[in-house]
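Asks: coords please:
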Amino acid sequence: MSMDDLLRQQCKELKIYQGVKYSEIADYLEIKKNSFYNWLKGQYTFSQERQNRLKEVITCLKEV
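Replies: Purely as a prediction, here's the structure:
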């Protein structure tokens, strides 16, 4: 499983178990909502920098 796939799974779990909206995650990443949805569908991969930022966001949201 690639890092992007792992991050996608974690984002989906945040939505299911904590009610975090995908648009909220996109805002934290400072990307367009459509771009985030396209990434979720596997249409492209994030750069290492963006993956690291998303890891930080996921960690923070899990702690809430």
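
Asks: My read is that V57 contacts I25, right?
Replies: Yes - between V57 and I25 there is a contact under C-beta atoms under 8 Å: 6.2 Å. In this view, the C-beta of every residue, glycine as well, is placed from N, C-alpha and C.

Asks: tell me the centre residue of the chain?
Replies: The residue lying closest to the centre of the chain (C-alpha atoms, centre = their mean) is C11, at 4.8 Å.

Asks: Not counting residues beside it along the chain, what's closest to that residue?
Replies: Closest residue to C11 apart from its sequence neighbours, by C-beta to C-beta, 6 or more residues apart in numbering: I25 at 6.0 Å.

Asks: Pull the contacting residues for the one you found.
Replies: C11, L14, F36, L54, V57, L61 (C-beta atoms under 8 Å, 6 or more residues apart in numbering).

Asks: Spell out the secondary structure type for the closest residue to K62 other than its chain neighbours.
Replies: Excluding the flanking residues, the one nearest K62 by C-beta to C-beta, 6+ apart is L14, at 7.2 Å. Counting by DSSP: H, G, I helix; E, B strand; the rest coil, the backbone at L14 sits in helix.

Asks: Just the pLDDT for L14.
Replies: Predicted confidence (pLDDT) for L14: 97.

Asks: That one: neighbour count?
Replies: The local packing of L14 (other C-beta atoms under 10 Å) involves 20 other residues.

Asks: Report the separation between it and L54.
Replies: 11 Å (C-beta to C-beta, to the nearest Å).

Asks: Please apply the same query to K15.
Replies: Look at K15 and L54: by C-beta to C-beta, they are 14 Å apart.

Asks: Between those two, tell me which one has more neighbours.
Replies: L54 (23 against 15).

Asks: Now do the contacts for that one.
Replies: L7, C11, I25, L29, F46.

Asks: So which of the residues you listed belong to helices?
Replies: Taking DSSP state H as the definition of helices, the contacts of L54 contribute L7, C11, I25, L29.
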